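> Sequence and predicted structure are below.
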Amino acid sequence: MALVAFDDVSKFFGEVVALKDFSLEIGDREFVVLLGPSGCGKSTALRIVAGLELPTKGNILIKDQIVNDVEPKRRDVAMVFQNYALYPHMTVYNNIAFGLRMRGMNRHEIDRLVKEAGQNLGLGELLRRKPGELSGGQRQRVALGRAIVRRPVVYLMDEPLSNLDAKLRVQTRAELVKMHRLLQTTFIYVTHDQVEAMTMGDRIAILEQGVLQQVGPPQEVYDRPGNIFVAGFIGSPAMNMFPARLQTRNGDLFADSEVGSFRLDTQQAHAATDASDGEVMVGVRPEHLYVSGEGSGAVSATIGAMVDLVEYLGNEAHVTFSRGDAALVARLDARVKLKPAEIVPLTVLVENLHLFDQASGRRLA
Amino acid sequence: MESSEAGTVALPPPVPLRRRYPWLGELSHFGGGMLFLALPLFLFGVFVFYPLVKSVYLGFFVSDPFGHGQHFVHFDQYRQVLTSPDFRKSLLVTFLFALYTVPTGMVLGLVFALLANQRLRGSLFFRTVFSSTIAASVAVAAVMWLMLLNPSAGIVNWVLGQFDLPRVNWLTDPQWRESWDSGPALMAVSLTTIWLNIGFTTLVLLAALQNIPQELYESARVDGASPWSLLRNITLPMLSPALLFVVIVASINAFQSFGQIHILTRGGPLDATNVIVYSIYTDAFINFEYGAAEVRAVALFVLVLAFTLVQFRFLAGKVFYR
């Protein structure tokens, strides 16, 4: 059963399209991440669930009830805002208690819940302080605490980690996943950070310019990106992509690009015939560019490329190659020593090719 | 220097004065600071501190109508003026005047600011209208209300007439009923003052309202707050510094109002609008009793100071500063 459902939802701000024909069903206890660059409509989608924005078109359902006209307070959702939106004039205690008070819960029950949440989040000492006296990480905890005590049917989180420093972000990321497991509740989580999305989400929904691009488990989205946008957006360093033209030679189908000819297998060849006019985009992940001898499997192409830049990251090296005007990035073992200006043959395996239709951007194989 | 001549032993370079006498550095530091403060200190001294001290001093003297021939009378003049029935009356009138104008002006200003802060079509127009009285001078406002409150030709009485209510002699009736301390005249002066101040109050509160982050409201709405609890739990606490500022400024304004009273009622009828400031004016420039006027002025100064301190003392704790 879908707990939260977007049914063909569109949202316009005047001329600006924030969300267009967006449909997505989110199951009970699921952790769904809405991912996309800034301005893609992900926050708008979240705010529509919260009731802070009204959809221009379409319906939003919570527990199979259309809630378009239901006030935020009657939706039984809790939201964590990007900058936390703590009430600056209230103590931490009152910040956490506010939602419970507004719901008319009795004083003792509130006190018990607030103290319990304070304990769980390590805020015990800070309950009497005001938000202005807390560090960024502590404020973030208060914002979480305020959401947790409410025990809503769904938690909405709008980039809750973006104001934390890198170390705290990684730590809190893990805590949020634990929290989700513990609370057994639905999370809808908005972020522009693909690492957050990949590590936390049961499913990722990728948006671009208000349009849903792909939904799926993180690994699936990574392994089989549904279109050129998703392929380029997910993964760091980004997927190498080369415009190419389909050509048949000696009974084999090739995608000829600036960097070389990629041989396609029969299944790919079959799928590629769907391409509108033989113009395709060939994609290869940086970790799938092998310096000769590394990978094993049917070889699609071997590209002679010149080393431009080597970045050692300790456990691996990101190497930028050039071939003609095109650039390729490979993620290689740090022990592979390469020197700038050296020419190296890079092997691409058939199984690692991603093929997209150049005109529509959609995945072919 | 002579010592550097050939053949003589070169003396060590002289130790800078500052290092030998560290307090010299501090002194010149202090001197530099004073230099920067000299002009404002001079202006304050001439136009504020000296007159203040002189006022207290002159309260001890009785003088002729030209301010000469001063006669030292110890505290007699202070005692006499401060215990006189007309001072007590003007003290009462001053408090009533503040009581009528400050809370009403603040509530109205808050309501206007809240209305003007709505994101509706034409709200810019209303923002301008609500804060426009800030541009009206006291004289213009007073003359305008003089017309509006005119017993026979004024629109206020005309409106009362439309509802079959009795007409009121706004500016000449000292009491609503016998034995009452306030009447239409004080009401009329208060009304004008509220009108005069409303623009400022609205403007300040509107600016403060627009500084409240929108997410606080969104967060509170998701938390389950009704419009009323949003006002009580978010808006008012976040506005509190601006509200305190407005209350103090409006109170001081109320204690110092003169122009509208002078134009509308001249302190009358029967001293019904004779606030302390107006009685100072009457004493000094109508009765030529400068000493008595000084006593009243000192009393007003102490009153305003005390009132402001009390407000700070009791309200500052309730104010939240970000």
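Great, that's in hand. Numbering: from 1, shown residues only, chains lettered A, B, ... in the order given.
> need the contact list for residue A:300.
Shown in contact with residue A:300 (C-beta atoms under 8 Å, 6 or more residues apart in numbering or on different chains): A:262-264, A:348-350, A:352-353. Every residue, glycine included, has its C-beta placed from N, CA and C.
> Do me a favour and get the backbone dihedrals for it.
Backbone geometry at residue A:300, expressed as degrees, to the nearest 10, gives phi -100, psi -40.
> How much space separates residue B:110 from residue B:252?
In this view, residue B:110 and residue B:252 are 19 Å apart by C-beta to C-beta, to the nearest Å.
> Give me the longest helix you can find in chain B.
Looking only at chain B and at elements set by DSSP state H, the helix with the highest residue count is helix B:85-116.
> swap in chain A?
Of all segments of type helix in chain A, defined using DSSP H, the longest is helix A:166-183.
> buried residues in that helix?
In terms of neighbour count (16 or more other C-beta atoms under 10 Å in any protein chain shown), helix A:166-183 has its buried residues at A:169, A:172-173, A:176, A:179-180.
> ranges for the strands of chain B?
Under the criterion DSSP state E, chain B contains strands at B:61-62, B:71-72.
> Low-confidence stretches in the stretch 201-322 of chain B?
With pLDDT under 70 as the threshold, the stretch 201-322 of chain B has low-confidence stretches at B:322.
> What parts of it come near chain A?
B:213, B:215-216, B:218-226, B:229, B:233-234, B:237-238, B:240, B:320, B:322 (C-beta under 8 Å from any C-beta of the partner chain).
> of those residues, buried ones?
Listed as buried from these are B:215-216, B:218-225, B:229, B:233-234, B:237-238, B:240, B:320; burial here means 16+ other C-beta under 10 Å.
> okay, now the closest residue to residue A:228 other than its chain neighbours: neighbour count?
Nearest non-adjacent residue to residue A:228, counting by C-beta to C-beta, 6 or more residues apart in numbering or on different chains: residue A:361, 4.2 Å away. For residue A:361, the count of nearby residues is 16 (other C-beta atoms under 10 Å in any protein chain shown).
> so where do the helices sit in chain A?
Using DSSP H, the helices found in chain A span residues A:42-50, A:92-102, A:107-120, A:136-148, A:166-183, A:194-200, A:218-223, A:228-233, A:266-272.
> quick one: average pLDDT of the longest helix of chain A?
For helix A:166-183, the mean per-residue pLDDT is 90.
> what's the spacing between that helix and its chain's center?
From the chain centre to the centre of helix A:166-183 is a distance of 16 Å (C-alpha atoms, centre = their mean, to the nearest Å).
> In terms of neighbours, single out the busier of residue B:110 and residue B:252.
When neighbours are counted by other C-beta under 10 Å, residue B:110 and residue B:252 differ, and residue B:110 comes out ahead with 22 against 17.
> residues contacting the more buried one?
Residue B:110 is in contact with B:201, B:205, B:239, B:243, counting by C-beta under 8 Å, 6+ apart.
> I'd like to know which of those residues are part of helices.
When the contacts of residue B:110 are checked against helices (DSSP H), the matches are B:201, B:205, B:239, B:243.
> dump the residue contacts of residue 102.
Picked chain A for this. Each residue near residue A:102 by C-beta under 8 Å, 6+ apart is listed here: A:73, B:220, B:223-226, B:229.
> Not quite, go with chain B.
In this structure, residue B:102 makes contact with B:247, B:250-251, B:254, judged by C-beta under 8 Å, 6+ apart.
> What's the local residue count around the closest residue in space to it that isn't next to it in sequence?
For residue B:102, the nearest residue in space outside its immediate sequence neighbours is residue B:250; the separation is 4.8 Å by C-beta to C-beta, 6+ apart. By other C-beta under 10 Å, the residues close to residue B:250 number 23.
> my guess is residue B:250 contacts residue B:105, does it?
Yes: taking contacts as C-beta atoms under 8 Å, residue B:250 lies within contact range of residue B:105: 5.6 Å.
> shared neighbours, these two?
With contacts defined as C-beta under 8 Å, 6+ apart, the residues shared by residue B:250 and residue B:105 are B:197, B:201.
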